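A.B. asks: Sequence first, predicted model second:
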Amino acid sequence: MKKLISLFITACFYSATMLAQESMTVAFYNVENLFDTVDNPLTNDDEFTPNGERHWNSSKYWDKLQNISKTIVAIDKDNAPEIIGLCEVENDTVIKDLIERSPLRHIGYQYTITQSKDKRGIDVALIYKRNYFKIIKSESLSVDISHINGSTTRDILHVTGRVVSGDTIDIYVCHWPSRLGGVEETNPLRKKAATVLKESITKVYNDRRKPYIIIMGDLNDGSESPAVRDVLSAKPSTGAYHYNDRTLVTILDKCTDGSYRYNGEWETYDQFIISASFTNELGCLSATNARICNFDFLLEEDKKYGGKKPFRNFNGYRYQNGYSDHLPVAFEIEY
């Protein structure tokens, strides 16, 4: 008999009234073009070199790391999240510099990263506080789109780890193919990424009776897209549902603003999709306070369309020492 479960997901402006519990913060941030200054002859990273179009030098690089650090710390009220997924990071060097040589160096983050075949050489990574999350397994899931458009894209990072409560969590960090070329024309690319993801999640469900699953990333798609609703069969967090053990739920549905702005319109391309096991009825862990982190310092005036927009590192090719074209997203796991 199916049991009616109201998912304990609260969005954007939730105010908790429950008893005090221990918690940890999970976040995702597309940091936009975190490249080192060294040319990789195997990738298209030339514009982010000292002699490239953006004159990307050491000063700009270290300013970028400083700004990312500031953002990460702010996500969890100056404590920094326990687990953070990152995308648009070039390699191990930039991640090591971020967690070992920036203001984050005292936190004790560790990391794992993919080694994708993306043409620009960008990857996805997970950084985490080792006292809160211990990796059991880390693997890259290749997304082959060559038969669709002859191109390459980022791998999906799948990390299995144990949190302080003793529970095991499977985390997927994604950066799905972009919409360049048109939404409808590129839908098959993101559906392919979702298919690879779905196949891995099915294996997790087959291995464990009630796993905890977190999908995070820049999906270049909203929660109502074919890849999310049709391929992943993810359900919205609004209302009450008859959840079976294999239901996936999007948890940023109630957020009124987005994480990315295009032509004056906010979109939520940066997503969290979690398993229904993150409820008090089904397990020991619960997910709360899902939100988009639209801090004032991450925004600037949109002179063309009005309102605010993300404060990017470059405005066209003009350097302005900003942050990213995306805003970070976060939620809490209570245990």
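C.D. replies: Cool, the structure landed.

A.B. asks: The helix or strand encompassing Ala287 packs against which elements?
C.D. replies: When elements are assigned from DSSP states H and E, Ala287 belongs to strand 286-292. Helices and strands touching strand 286-292, by 3 or more Cβ pairs under 8 Å, 6 or more residues apart in numbering; DSSP states H and E, are strand 270-275, strand 329-334. Just so you know, the C-beta spots here come from the backbone N, C-alpha and C atoms, and that holds for glycine as well.

A.B. asks: Can you pull out the low-pLDDT segments for the chain?
C.D. replies: 1-21, 239-244, 279-283 (pLDDT under 70).

A.B. asks: quick revisit: name the strands paired with the helix or strand that the strand holding Ala287 is followed by and say parallel or antiparallel.
C.D. replies: Beyond strand 286-292 on the C-terminal side, the first helix or strand identified by DSSP H and E is strand 299-301. Applying DSSP bridges, strand 299-301 is found paired with strand 308-310 (antiparallel).

A.B. asks: Of the helices and strands packed on strand 286-292, which stretch is the most buried?
C.D. replies: strand 270-275 (a mean of 26; mean count of other Cβ atoms under 10 Å).

A.B. asks: can you list contacts of the longest helix anywhere in the chain?
C.D. replies: Assignment by DSSP state H gives helix 183-207 as the longest helix of the chain. Taking contacts as Cβ atoms under 8 Å, 6 or more residues apart in numbering, the residues outside helix 183-207 that touch it are 141-145, 148-149, 153, 156, 158, 170, 172, 174, 176-180, 211, 213, 215, 219-221, 225-228, 230-232, 245-246, 248.

A.B. asks: Among those, which ones are in helices?
C.D. replies: Using DSSP H, these in helices are Ile148, Asn149.

A.B. asks: coming back round to it: so which of the helices and strands packed on strand 286-292 gets nearest Leu98?
C.D. replies: strand 329-334 (17.6 Å; Cβ to Cβ).

A.B. asks: residues making contact with the closest one?
C.D. replies: 9, 21-29, 75-76, 81, 163, 216, 251-252, 259, 270-272, 278, 285-293.

A.B. asks: Now which of the residues you listed would you call buried?
C.D. replies: 9, 23-29, 75-76, 81, 163, 216, 251-252, 259, 270-272, 278, 285-293 (16 or more other Cβ atoms under 10 Å).

A.B. asks: Only C-alpha atoms, please: export stretch 276-292 in CSV.
C.D. replies: This file holds the C-alpha atoms of stretch 276-292, laid out as CSV (Å, rounded to 0.1, in the frame of the first residue of the first chain):
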residue,chain,number,x,y,z
ALA,A,276,12.1,11.1,-1.8
SER,A,277,14.0,9.3,1.0
PHE,A,278,15.0,12.8,2.2
THR,A,279,11.8,12.9,4.4
ASN,A,280,11.3,12.2,8.1
GLU,A,281,8.9,9.4,7.3
LEU,A,282,11.2,7.4,5.0
GLY,A,283,14.6,8.0,6.6
CYS,A,284,16.8,9.7,9.1
LEU,A,285,17.8,12.6,6.8
SER,A,286,15.6,15.5,5.7
ALA,A,287,16.1,18.3,3.2
THR,A,288,15.1,21.9,4.1
ASN,A,289,15.6,25.5,3.1
ALA,A,290,16.3,25.0,-0.6
ARG,A,291,17.2,28.5,-1.9
ILE,A,292,18.9,30.6,-4.6
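
A.B. asks: Can I get the helix or strand where Lys64 lies in PDB? Just the C-alpha atoms.
C.D. replies: In this assignment (DSSP H and E), Lys64 forms part of helix 58-75. C-alpha atoms of helix 58-75 as PDB (Å, rounded to 0.1, in the frame of the first residue of the first chain):
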ATOM      1  CA  SER A  58      47.900  35.800 -12.600                       C
ATOM      2  CA  SER A  59      46.300  38.900 -11.000                       C
ATOM      3  CA  LYS A  60      42.900  38.200 -12.600                       C
ATOM      4  CA  TYR A  61      43.200  34.500 -11.700                       C
ATOM      5  CA  TRP A  62      43.800  35.100  -8.100                       C
ATOM      6  CA  ASP A  63      41.100  37.800  -7.900                       C
ATOM      7  CA  LYS A  64      38.800  35.200  -9.400                       C
ATOM      8  CA  LEU A  65      39.700  32.700  -6.600                       C
ATOM      9  CA  GLN A  66      39.200  35.400  -4.000                       C
ATOM     10  CA  ASN A  67      35.700  36.100  -5.300                       C
ATOM     11  CA  ILE A  68      34.700  32.500  -5.400                       C
ATOM     12  CA  SER A  69      35.900  32.000  -1.900                       C
ATOM     13  CA  LYS A  70      33.900  35.000  -0.700                       C
ATOM     14  CA  THR A  71      30.800  33.600  -2.300                       C
ATOM     15  CA  ILE A  72      31.300  30.100  -0.900                       C
ATOM     16  CA  VAL A  73      31.700  31.400   2.600                       C
ATOM     17  CA  ALA A  74      28.600  33.600   2.400                       C
ATOM     18  CA  ILE A  75      26.400  30.600   1.400                       C
END
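
A.B. asks: counting contacts, what elements does the helix or strand that it is followed by pack onto?
C.D. replies: Downstream of helix 58-75, the first helix or strand assigned by DSSP H and E is strand 83-89. Strand 83-89 is packed against strand 23-34, strand 123-129, strand 168-175, strand 212-218, with contacts defined by 3+ Cβ pairs under 8 Å, 6+ apart.
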